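In: sequence? don't have it. structure:
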DNA sequence: GCCGTTTTCGGCCCGACTGTTTTCAGTCG
C-alpha cells in the first residue's frame, strides 16, 4: 500500500478526472490536480492532520482540506464516492486511450454503452460510430490506432532506452546543414525515471528539411511547420519542435517543462504584467518581446535564478529560485568512486581485472567491488571464494592509482540479520546490504527488518531500498519515515541505485530522507563494464531530490569516506 | 476550488494540431 500522502494524491487525482468528465468549471478540476501533486510531494505525513494543518499545504484550501480530513477519519471521501456513482463505469479507462479525452470518452460510453476498451474497439469495428455527432471516418481510425497503442505496452520506456533514441535522432538532425541548434528537452532533460514521450527541440530558419529527416525515424502521427510527432518502432512517441534561433531559450524552457513548472513560471510572468510562451517573454500589453534567446535570460527577467532541469517539477523550486536559493546540485563529475559493483565471481559478466580497468577509465579516486554474499544461494558464494577475491584485489592495488575497496552486497534476511557474523564482516572495507527476498512482508515487519540492518555496525549502505523494478515490480511496503530516521541515527547511507531498471531510492523519497539527516551513495550496481556508465541516471535522480555533493558520500575524498565507513564511534 | 504587495471577487498558462462544426471544440503537452 502506498503512503497516506500517495493514497490521498491518488484519490484527488481521480476526483479531478471525474470532474473533467462531468464537465463544469475546468478550474475546479485543475485545482484538484494541483492539490494532488502537492499532497503527493508534501514532505510531512498527512496522517492525522486536521483541516487547519492541512491548509498549510499549497493548493489545499477549506474544501479539499475537509475532504482529506474526512479521509483521515473515515478512510473514504463521500463526495468522491458520490461522483463515482454518477459517471458510467469505465469512462476513466476509456480516457487512457491516446486521443480520447474526457468529453468524447463520456459521449462514447453513453451513446454506445461501452464500459471498457475492448468493448470500445469492438463497437468501432462494428461501425457503431457512424452518425455520431463529431465522429467521422478519421475518428474511427484514430481511436482504433489509439487502442492499439494502449494495448501494445502503453507503459513508459526506461530512461536509457529513451536517451539512446533521443541521442540518435539529435545527432542525425545536427548533421543537417539547416540545423542551427538541436537537443532533447522534456522529461528526458529533467531525468524523469521513465519517459512517456521524447521531446526534441531544434532551431532552424527552414524547418522542412528537419521535419523530412525526422519523419524517416518512424510513423508520422501529426506534422506541421513547427511540430512533427512520430511513433518509433518500439512504440515511443517522439516530438520534434523547430523554432527560430532567436526564440531558443524560451522554447527550451517551455519544452523542458514540467507542465506544472511552466504554469508556475507563467503565473509569475502574469503578475509582472508579462506573458511567457515558447516564443519568448513579452510585455503583456504591448506584446513587445523582452527576452527569448537563453533560458538564463528568461528566468532572470522573471526575477528567478536559473533552475536546473531536474528540479522543474513545481515542488518548491520556483519559490527557491525567487529567493536565490537554488542548491548546487551533485553532478556526475563530482563522483569520486563507485561503491556497489559486481564481477563474474557472482552474477557480473566481467572479471575483476576488467571491472577495475574500466573503473580506472572513469577517473575515480576509489572503487569498491561488492559481490553477492552466500545467502543469495544461486550465486554460490563461499567464504573461501570471497577471501581469495580479496587477496587478488590487494594484489591489483599496485596496478592502479585508484584505492581499491573490498566489499560485498549482503542479503537482509526477513529478521533483519545479514549473511556473515561480525568477525567476518570486519574484514570488508564496505558493506552494502539489500533486500533480495520476502518482498511481501507486512509493513511493520519490513520496517523492523530495515531498521535492524541499519543498526548493524558493519552495514554501511542500504542497497536499492525499495527493491522496485521499474515496470515490473513495485516497491516493498515500508515505513519510510522510520527507515530514514534509523539510517540517519546510525550513520547508514541509503543507496541511489543508478541502474535504469531501478533508480532506487526513488527521487520522490530523497528529499524527505535528506531532511531527516540521511546521507546517500550513488552507485552503478554494475554487472558489466558498460553498466559502470549508469551513473548519470543516478546523478539525475539525486538532482531530482535536490541533493548537493555534501549529501553524497562517494563525492567525498577518501579520508572523509573512510571516517563515515568506520560508523562505530 | 484556490488565492491575494494592485483583488475577499474575479481571475485562473497557452498554443498547436486535427477533424469536421462553415467558426470551433476536443485533445494534447
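Out: Thanks, I have the structure now. Just so it is clear, the model here is predicted, and its values are computed rather than measured.

In: so what does the helix or strand residue A:34 falls within touch, helix or strand wise?
Out: Taking DSSP states H and E as the definition, one finds residue A:34 inside helix A:26-40. In terms of contacts (3 or more CB pairs under 8 Å, 6 or more residues apart in numbering; DSSP states H and E), helix A:26-40 is packed against helix A:4-22, helix A:62-74. Heads up, the C-betas are built off the backbone N, CA and C, glycines and all.

In: How is residue A:246 assigned, secondary-structure-wise?
Out: helix (DSSP: H, G, I helix; E, B strand; the rest coil).

In: Contact partners for it?
Out: A:280, A:292, A:293 (CB atoms under 8 Å, 6 or more residues apart in numbering).

In: Please apply the same query to residue A:482.
Out: A:447, A:451.

In: That one and DNA strand B, how far apart?
Out: 30 Å (CB to the nearest atom of the strand, to the nearest Å).

In: how much space between that residue and residue A:451?
Out: 6 Å (CB to CB, to the nearest Å).

In: Leaving out chain neighbours, which residue sits closest to the residue most central in space within chain A?
Out: Centre of chain A computed as the mean C-alpha position; nearest residue by CA atoms, centre = their mean is residue A:193, 3.0 Å away. In space, and not counting its chain neighbours, residue A:193 is closest to residue A:503: 4.6 Å by CB to CB, 6 or more residues apart in numbering.

In: Next, count neighbours for that neighbour.
Out: 27 (other CB atoms under 10 Å).

In: Do I have it right that it meets residue A:538?
Out: Yes - here residue A:503 reaches residue A:538: they are 7.4 Å apart, a contact under CB atoms under 8 Å.

In: Tell me the gap between stretch A:271-290 and the middle of its chain.
Out: Mean-position distance between stretch A:271-290 and its chain equals 32 Å (CA atoms, centre = their mean, to the nearest Å).

In: circling back to that earlier point, buried ones in the helix holding residue A:34?
Out: By neighbour count with 16 or more other CB atoms under 10 Å, helix A:26-40 contains the buried residues A:29, A:31, A:32, A:33, A:34, A:35, A:36, A:37, A:38, A:39, A:40.

In: how about that helix against DNA strand B, any contact?
Out: Yes - shown here: helix A:26-40 in contact with DNA strand B (CB under 7 Å from any atom of the strand) through A:27, A:28, A:30, A:31, A:32, A:35.

In: for the helix or strand just after that helix, packing partners?
Out: Sequence order places helix A:51-54 as the next helix or strand after helix A:26-40, per DSSP H and E. Applying 3+ CB pairs under 8 Å, 6+ apart, one finds that helix A:51-54 contacts helix A:62-74.

In: tell me the angle the helix it packs on makes with helix A:4-22.
Out: 130 degrees (axes from the mean of the first three to the mean of the last three CA atoms, to 10 degrees).

In: before we move on, what SS does the residue in chain A sticking out farthest from the centre have?
Out: Centroid-distance maximum for chain A: residue A:131 at 43.5 Å, with CA atoms, centre = their mean. Under three-state DSSP, the three-state class of residue A:131 is coil.

In: Distance of it relative to residue A:366?
Out: For residue A:131, the distance to residue A:366 - CB to CB - is 72 Å.

In: thinking the residue nearest to the centre of chain A is in contact with residue A:159, fair?
Out: Yes - Residue A:193 lies in contact with residue A:159 (CB under 8 Å); the separation is 6.4 Å.

In: Mutual contacts of those two, please.
Out: Joint contacts of residue A:193 and residue A:159 (CB under 8 Å, 6+ apart) are residue A:503.

In: so where do the helices sit in the stretch 201-350 of chain A?
Out: Along the stretch 201-350 of chain A, counting by DSSP state H, counting those that start in this stretch, helices occupy A:208-215, A:248-256, A:259-271, A:295-301, A:317-322.

In: Same question for the longest one: list its buried residues.
Out: If I follow you right, that is helix A:259-271. Buried, per 16+ other CB under 10 Å, within helix A:259-271: A:260, A:261, A:262, A:264, A:265, A:266, A:268, A:269.

In: ok, and the closest non-adjacent residue to the second one?
Out: Leaving out its chain neighbours, the residue that sits closest to residue A:261 by CB to CB, 6+ apart is residue A:312, at 3.9 Å.

In: Was I right to think that neighbour contacts residue A:258?
Out: Yes - when contacts are counted by CB under 8 Å, residue A:312 is listed as touching residue A:258 (5.7 Å).

In: any residues in contact with both of these two?
Out: residue A:190.

In: neighbour count winner among those two?
Out: residue A:312 (25 against 18).

In: can I see the domain layout of chain A?
Out: As assigned by automatic domain parsing, chain A contains the domains A:4-154, A:158-322, A:332-565.

In: show me the contacts for residue A:26.
Out: Counting by CB under 8 Å, 6+ apart, residue A:26 has contacts residue A:20.

In: quick one: terminal-to-terminal distance for stretch A:151-160?
Out: 22 Å (CA to CA, to the nearest Å).

In: average model confidence for that stretch?
Out: Stretch A:151-160 shows a mean pLDDT of 75 in the predicted model.
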